[in-house]
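Asks: let me see the structure of the following:
(one chain, ligands or ions: 3)
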Amino acid sequence: MAVAPGWLAAQACQRVLKRAFSLHKAHSIKDMENTFQLVKNIIPPLTSKKHKGQAGRIGIVGGCQEYTGAPYFAAISALKVGADLSHVFCTREAAPVIKSYSPELIVHPVLIMPWMAFKYWKLDVYVGVLKDEPVSGRRQGDLSAGDSPDAVHEVEKWLPRLHALVVGPGLGREDALLKNVEGILEASKARAIPVVIDADGLWLIAQQPTLIQGYRKAVLTPNHVEFLRLLEAVLTDPVDSSDRRGAGLRLSQALGNVTVVQKGEQDVISDGEQVLECNLQGSNRRCGGQGDLLSGFLGVMVQWALHAGPEKMNGFSPPLVAAFGACSLTRQCSHQAFQKYGRSTTTSDMIPEIGPAFSRLFET
Ligand SMILES: NC(=O)C1=CN([C@@H]2O[C@H](COP(=O)(O)OP(=O)(O)OC[C@H]3O[C@@H](n4cnc5c(N)ncnc54)[C@H](O)[C@@H]3O)[C@@H](O)[C@H]2O)[C@@H](O)CC1
Ligand SMILES: Nc1ncnc2c1ncn2[C@@H]1O[C@H](COP(=O)(O)OP(=O)(O)OP(=O)(O)O)[C@@H](O)[C@H]1O
Ligand SMILES: [Mg+2]
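Replies: Numbering: from 1, shown residues only. Ligands and ions are numbered 1, 2, ... in the order given. The predicted model follows:
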């Protein structure tokens, strides 16, 4: 008996939805089908009428000597989900490493601190002396654009060309670097650029919550430890963190309706008014880097959702819908990679799954 392709697609879609929401009593499968439909509504069509850049130009602020994988994962996932250009703003040491992972990334070694610029300047002078070059000549000439200590200004120059920023993956916690990031966040807010804040960016927010207070184009993506740190920093009254929906809702409200994506066995997403949960089956591998992929997806999707406008959101806020899309996609990639590689699965194995996972969730 011949089976219609449409029927097969519908069955596949039902299976994904059942996996997604079998554990969650508050939302019926119908509700979740609707939420997936909202994500589908924000995806820009691939047409011959567009020019490079229109599907998304994303900036990642992160990458230092210790951590080069995290900004790479965020930047490549932004491209693979459909952004046209992905920029990484990182420290000087991290730049050649990140570039060497992928020719597709545009890498700016601008997150340099004043003392580092001084160190490189001294090194250049030293090399000049060894080469028997006149020291005074080298002092003038050898600080290239990448050595500029004015990191905020260097990133700010690019902001008019970017649709969204992901701040934090692999950033590190050096005070001087975080000071730069404060300036970058202020400049992004002044331009109404959506920002996804993850990892060490959340460390900064825990020190200074006022930096994103009330900025509704900000989305925070804490893991378990980062969420507890934010709760402690932001809420004055005690809160039951085992009530993940209640705690997420309260944190978002206390931050002035910034969207909070609490990652975990279920991803709990709140904008202080509503709560969405993503239970889509992922995998039991907890290898590092999966959250970085999520932040890259979200950087792109939040911009798509804001561009699509509230009328396509059925009463949900655009960041909430975008976050649901990014969480679902991360978990689906993890699930697919795990089916192939089992215990040996690492985040790199999830990258080739992005295209098939996206089609499966959002193009059926
Ligand atoms: N390949 C890479 O370059 C990666 C770099 N990463 C970066 O690494 C930096 C640090 O991020 P992490 O998420 O590792 O954060 P932390 O360095 O704060 O935590 C590392 C791990 O230690 C454990 N831990 C920390 N504090 C704890 C506590 N109080 N109680 C119990 N367990 C605790 C948790 O398992 C946590 O995942 C960030 O810049 C992040 O982006 C990660 O994204 C992973 C991948
Ligand atoms: N117990 C779990 N069961 C299933 N999925 C999980 C579980 N914990 C986390 N995840 C999923 O893994 C992804 C990354 O979340 P995780 O908490 O590992 O972030 P992270 O610690 O910030 O990662 P990274 O190593 O990139 O910094 C999310 O999509 C989340 O849904
Ligand atoms: Mg993380």
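
Asks: in this structure, which helix or strand is least confident?
Replies: Within the chain, confidence by mean pLDDT, DSSP states H and E is lowest for helix 135-141 among all helices and strands, at a mean of 40.

Asks: helix or strand right after it?
Replies: Per DSSP states H and E, the first helix or strand lying C-terminal to helix 135-141 is helix 151-156.

Asks: what is the mean pLDDT for that following helix?
Replies: Mean pLDDT, helix 151-156: 94.

Asks: buried ones in that helix?
Replies: Neighbour-count burial for helix 151-156 flags A151, V152, E154, V155, E156 (criterion: 16 or more other Cβ atoms under 10 Å). For glycine as for every other residue, the C-beta is placed from the backbone atoms N, C-alpha and C.

Asks: hmm, which two among those are most spread apart?
Replies: Pairwise distances across the buried residues of helix 151-156 (Cβ to Cβ) peak at 9.3 Å, for the pair A151 and E156.

Asks: any shared contact partners between those two?
Replies: I184 (Cβ atoms under 8 Å, 6 or more residues apart in numbering).

Asks: before we move on, what SS does the residue most central in space within the chain have?
Replies: Central residue of the chain (Cα atoms, centre = their mean): S295, 2.0 Å from the mean position. What DSSP: H, G, I helix; E, B strand; the rest coil gives for S295 is helix.

Asks: before we move on, what about A55?
Replies: coil.

Asks: just the one 10 residues further on next, same as before
Replies: For Q65, the reduced secondary structure class is coil; criterion used: three-state DSSP.

Asks: now do the helix or strand where H335 lies, average pLDDT.
Replies: Using DSSP H and E, H335 maps to helix 318-341. Taken as a whole, helix 318-341 carries a mean pLDDT of 98.

Asks: does any bit of it sit next to ligand 1?
Replies: No. Figure legend: helix 318-341 not in contact with ligand 1 (Cβ under 6 Å from any ligand atom); closest approach 12.9 Å.

Asks: which positions in the stretch 201-350 of the chain make contact with ligand 1?
Replies: Going by Cβ under 6 Å from any ligand atom, the residues of the stretch 201-350 of the chain near ligand 1 are N223, V225, G288, G289, G291, D292.

Asks: which of the residues you listed has the largest number of neighbours?
Replies: D292 (30 neighbours; other Cβ atoms under 10 Å).

Asks: what separation is there between the residue nearest to that one when sequence neighbours are not counted and D198?
Replies: Nearest residue to D292 in three dimensions, chain neighbours excluded: F73, at 3.7 Å (Cβ to Cβ, 6 or more residues apart in numbering). Using Cβ to Cβ, to the nearest Å, F73 is found at 11 Å from D198.

Asks: what do these two both touch?
Replies: With Cβ under 8 Å, 6+ apart, F73 and D198 have common neighbours P169, D292.

Asks: ok, for E93, nearest residue in space, not its chain neighbours?
Replies: Nearest residue to E93, sequence neighbours excluded (Cβ to Cβ, 6+ apart): Q65, at 4.4 Å.

Asks: identify the residues contacting that neighbour.
Replies: Contacts for Q65 (Cβ under 8 Å, 6+ apart) come out as T91, E93, A94, G172.

Asks: any chance of those in CSV with distance to L320, neighbour count and secondary structure as columns?
Replies: Below are the contacts of Q65 laid out as CSV (distance: Cβ to Cβ, whole Å; neighbours: other Cβ atoms under 10 Å; DSSP: H, G, I helix; E, B strand; the rest coil):
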residue, distance to L320, neighbour count, secondary structure
T91, 33, 26, coil
E93, 37, 15, coil
A94, 32, 26, helix
G172, 30, 20, coil
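
Asks: in TSV, list these along with distance to ligand 3.
Replies: Formatted as TSV, those follow (distance: Cβ to the ion, whole Å):
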residue	distance to ligand 3
T91	18
E93	21
A94	17
G172	13
